[in-house]
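> can you look at this prediction? I've put the sequence above it.
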Amino acid sequence: MPTRNVAVLVGSLRRDSINRKLANALCKLAPPELNLQIVEIGDLPLYNQDLDANPPEPWRKFKDRIQAADAVLFVTPEYNRSVPGVLKNAIDVASRPYGHSAWNGKPGAVVTASPGNIGGFGANHHLRQMMVFLNVPMLQQPETYIGGADKLFDAQGELANDSTCSFLQNFMQTYAQWVERNAPR
């Protein structure tokens with residue numbers, strides 16, 4: 001199998017973000033056929049259609065990174081039963097102008113994590129709904145909602161729960177197969 005480049009988007013900007021820790025853990029758990037790279041979204045100006053003709057440099061760089069990727073992986077918390085605004089903005093920036101989406105056809109997956117019991121279920125499903133419109137085939141199983149995520153990491157930010165580690169290794173193997181079957185040729 002060829003190595004596939006995966007753009008990882010973290011939906012939290014918080015310095016001690018659970019989801020950033022989780023994204024870092026997924027990068028380490030990825031099989032060798034996946035090269036996961038976190039693509040930062042915190043410096044993207046808010047999407048404004050008036051700027052489509054002459055997009056700001058951060059928009060262009062971000063969209064180029066998404067276009068260069070073979071696949072996408074979203075790792076995000078849930079804010080108010082949906083995705084954080086910063087992640088929605090990043091999705092909008094790379095999908096516009098209409099008809100020129102950088103997301104088109106890239107296989108994707110979503111992992112949501114939260115200290116709460118439902119593990120970001122609402123954000124997970126809202127993100128999936130957006131990706132259907134953007135023609136991103138999303139991995140359906142295993143669904144990956146990580147509840148109680150604030151208790152899964154040690155003081156150094158490393159994943160310290162064996163059952164979660166095993167689950168995520170299985171997830172990454174399944175995602176690698178999904179990417180290989182669905183990545184544009």
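Now that the structure is in, tell me what you want to look at.
> could you pull out the helices for this protein?
Using DSSP state H, the helices found in the chain span residues 18-29, 57-68, 85-95, 121-133, 162-182.
> who does the shortest one touch, helix- and strand-wise?
The one in question is helix 85-95. Helix 85-95 is packed against helix 57-68, helix 121-133, with contacts defined by 3 or more CB pairs under 8 Å, 6 or more residues apart in numbering; DSSP states H and E. C-beta here means a position set from N, CA and C on the backbone, and glycine is covered the same way.
> point out the most buried one among the ones you listed.
Burial among these, expressed as mean neighbours by mean count of other CB atoms under 10 Å, is greatest for helix 121-133, which shows a mean of 18.
> please save the CA atoms from that one in CSV.
Only the C-alpha atoms of helix 121-133 are listed here, as CSV (Å, rounded to 0.1, in the frame of the first residue of the first chain):
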residue,chain,number,x,y,z
PHE,A,121,-22.1,12.6,19.8
GLY,A,122,-23.8,15.8,18.6
ALA,A,123,-20.6,17.3,17.0
ASN,A,124,-19.8,13.9,15.5
HIS,A,125,-23.1,13.8,13.6
HIS,A,126,-23.2,17.4,12.7
LEU,A,127,-19.8,17.1,11.1
ARG,A,128,-20.9,14.0,9.2
GLN,A,129,-23.9,15.9,7.9
MET,A,130,-21.6,18.7,6.6
MET,A,131,-19.3,16.2,5.0
VAL,A,132,-22.1,14.6,3.0
PHE,A,133,-22.7,17.9,1.3
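> ok now that helix, how far from the chain's centre?
11 Å (CA atoms, centre = their mean, to the nearest Å).
> show me the contacts for residue 87.
9, 11, 41, 74, 76, 127 (CB atoms under 8 Å, 6 or more residues apart in numbering).
> hang on, I meant residue 152
Residues in contact with residue 152, defined by CB under 8 Å, 6+ apart, are 18, 146, 159, 160, 161, 164.
> residue 111 is nearest to which of the helices and strands packed on helix 85-95?
helix 121-133 (8.1 Å; CB to CB).
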